[in-house]
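> Any chance you could fold what I've pasted below:
(chains A and B)
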Amino acid sequence: MDNILEVKDLKINFGTFAGDVQAVRGVSFNLRKGETLAIVGETGSGKSVTTKAIMGLLDSNAKIASGSIMFAGEDLLKANAHEMAAINGNNIAEIIQDPMTSLDPTMTIGKQVSEPLRIHKSMSKEKAIARTKEVLALVGIQNAEARMKDYPHQFSGGQRQRIVIAMALVNYPKILIADEPTTALDVTIQAQILDLMTELQQKIDTSIIFITHDLGVVAGMADRVAVMYAGKIIEVGTVDEIFYDPKHPYTWGLINSMPTLDTKAKRLYAIPGTPPDLLDPPKGDAFAPRNEYALKIDTEMAPPFFPITATHSAATWLLHPDAPQVTPPPEIVRRQEVYQEMVDKGLDQPNNPEVKLNTPATD
Amino acid sequence: MAARKKILQIKNLKQYFNIGKPDEVKAVDDVSFDIYEGETFGLVGESGSGKTTVGRSVIHLYNPTAGEILFNDRDIRKLKSTKEQLQFRREMQMIFQDPYASLNPRMKVKDIIAEGIDIHHLAKSSADRDAQVAHLLEVVGLNADHSTRYPYEFSGGQRQRIGIARALAVQPKFIIADEPISALDVSIQAQVVNLLQDLQEQHNLTYLFIAHDLSMVKYISDRIGVIHYGRLMEIATSDEIYANPLHPYTESLLSAVPVPDPQYERNRKPIPYDAAAHEGDDKKRQLVEIVPGHFVRASEDELPAYREKAEQYRAQLS
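This is a model prediction of the structure:
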């Protein structure tokens, strides 16, 4: 499959009074045509900063220290504001997190949704209205023609989120960035919106970068998953590889700390401590101070990516041939057994059978 | 079970807003349930279901439109004297959803935590006050040195711990936790939930845990009430409600929960819920006990179907 977006060795610092915060510390990944890549990680792990860099929407105190973001043969980091404006909302669009604040309360829905068409495609008013009506119907707004004359406050939260999605989709973008698109919504509405996104993705063949910290949503939406911690991707793989056979202790901790409806344990597993201060990131593996499986080398040297399969790699010294064998937490062992059974039955990875090698660059 | 003491009894609670105006809202409409001492009662529902309103009515931030709220067998609306009201406020505390909005940014942590101690005159001297604050910080897993800092110096999870310490400062018996973890990161959520459970064990606390995250509610609660449009749909133990849901709304809610398991997600079939089909007619509906401890909102003629459904669940087990 073709890569539609290639991010290489992206490093972003934020200038503050206390010094430079190293928010993104060497991130590399590819996005393929038509796939959904989920980026998961805690607040401050750099996932939103990475996508903001793709959109060219970084705050003014951000400094891009290195890297490139290649889209259609062009480095987005070198594009000027004028060029970015032509790309944003046209080829790359974002679904914004909070549907309550991301719509203009003084503008009708029809006008807001058709704005990208008028700007990017210089469409005539009649054509733009027709397309807007079509897209609003697509996202499930009933009676779209009449409701285009309504204002945001006349819609419920779930409907507003649908409108925000319609706005992002109206130009049939090649890349859709969805930053926590359903966090503000109830589970029943969330399920509808996620189904809708999958359906639309198939219809217009968009690639999606999906940012969330809800692993349940990731399991349902993603073809591939990248796990970020302290400004770096620490593990990447297909959704099955990450959920059934994770290799990085941080991924273990994340999966283990979420109760499912089946969790019976007396206590939840909690990753101890808090993420490191990125003003002065630790020398070795940033996760080492919170990692009960940490090796001595973790405090001295950041681990490179070790490939596990053609699609799966993780940055942990535990994968080094000389590393001691460790037993992951029981929940992870259980998942590995489930996975083995699935592989035996040939049930794994139905989403993306032909996914190919994507080993991120090491540093 | 029968011998357990009911610490809170809510009887036919109604909480309406804008009464008599065109935009009248029946936020809570005839809700009744009990909470036993030492248990965690989870209240789940979507936004706008009235779950937060129930919590606010219970702690008497609102004056109920109708109905009774008995705390330790006393109607909280009939607490007349200042002394009685102070006593009530001391025994019932609240932990809020947003750890950024619920701490006064201009107050030091020790003054935030000690506000209740001061109001209730629980400290003998200022040294005693400091010692209590230091102890509380330790209990919630923070450093005693943090007491002179301001809220902005803390992360979300740490702030939520400060909010918990503030609630604990007056040695309450009953804590209302309104979405206490939904603003926190996954890895921090588990820390706070474990802390809440430890505290419950150590201090014999009773929780009313309000949330929309079903898997976390299921995990932390002994019993769960499902609320929809201001009405309780179903009450049962958390294992029972998950394994044998009776009301179609509960089934729909459960079917929508995303599970961190790709194989499960691929085969998930959401069950839609049509409120009009189940509540559209004028029949009188109320909570009826179908099997011991398992209540479902139903009209007279719906009961046989629910009984049969419960029977089928039993049959599957044996």
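> From here on, just use CA atoms for contacts and neighbour counts.
Will do.
> Poorly predicted segments of chain B, please.
B:1-3, B:318 (pLDDT under 70).
> Name the single longest helix found in it.
Looking across chain B with DSSP state H, the single longest helix is helix B:186-203.
> Just want the angle from the following helix or strand past it to helix B:186-203.
Per DSSP states H and E, helix B:186-203 leads on to strand B:206-211 as the next helix or strand towards the C-terminus. Strand B:206-211 and helix B:186-203 meet at an angle of 160 degrees, taking axes from the mean of the first three to the mean of the last three C-alpha atoms, to 10 degrees as the criterion.
> if we can go back for a sec, ok, residues contacting the longest helix of chain B?
The contact list for helix B:186-203 (C-alpha atoms under 8 Å, 6 or more residues apart in numbering or on different chains) reads A:42, A:213-214, A:253-254, A:257-258, A:267-272, B:38, B:140, B:157, B:160-161, B:173, B:181-182, B:205-206, B:220.
> Convert the C-alpha atoms of that helix to CSV, please.
Taking Å, rounded to 0.1, in the frame of the first residue of the first chain, the C-alpha atoms of helix B:186-203 are listed here in CSV:
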residue,chain,number,x,y,z
VAL,B,186,-6.2,6.2,31.9
SER,B,187,-3.0,5.4,33.9
ILE,B,188,-4.0,7.9,36.6
GLN,B,189,-7.6,6.8,36.7
ALA,B,190,-6.5,3.4,38.1
GLN,B,191,-4.5,5.1,40.8
VAL,B,192,-7.4,7.3,42.0
VAL,B,193,-9.9,4.4,41.9
ASN,B,194,-7.5,2.3,44.0
LEU,B,195,-7.2,5.2,46.4
LEU,B,196,-11.0,5.5,46.7
GLN,B,197,-11.3,1.8,47.4
ASP,B,198,-8.5,1.8,50.1
LEU,B,199,-10.1,4.8,51.8
GLN,B,200,-13.5,3.1,51.8
GLU,B,201,-12.0,0.1,53.5
GLN,B,202,-10.1,2.1,56.1
HIS,B,203,-12.9,4.5,57.0
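> what residues does the stretch 101-250 of chain A put near chain B?
A:186-188, A:190-191, A:213-220, A:239-240, A:243 (C-alpha under 8 Å from any C-alpha of the partner chain).
> Distance check, residue A:3 against residue B:287.
56 Å (C-alpha to C-alpha, to the nearest Å).
> Looking at these two, which one has more neighbours?
Between residue A:3 and residue B:287, counted using other C-alpha atoms under 10 Å in any protein chain shown, the more crowded position is residue B:287 (19 against 16).
> Identify all residues paired with that one through a beta bridge.
Counting by DSSP bridges, residue B:287 forms beta bridges with residue B:297.
> Hmm, it is touching residue B:236, no?
No. Counting by C-alpha atoms under 8 Å, residue B:287 sits too far from residue B:236 to count as a contact (11.3 Å).
> Which neighbours do these two have in common?
residue B:295.
> Between which two of the residues of the stretch 101-250 of chain A next to chain B is the distance greatest?
The largest separation in those, counting by C-alpha to C-alpha, is between A:186 and A:240 at 26.0 Å.
> So these two - more neighbours on which side?
Higher neighbour count among residue A:186 and residue A:240: residue A:240, with 25 against 20, using other C-alpha under 10 Å.
> Past the helix or strand containing the more buried one, which element shows up next along the chain?
When secondary structure is defined by DSSP H and E, residue A:240 falls within helix A:239-244. Using DSSP H and E, the next helix or strand after helix A:239-244 towards the C-terminus is helix A:249-256.
> Okay then, goodbye and thanks.
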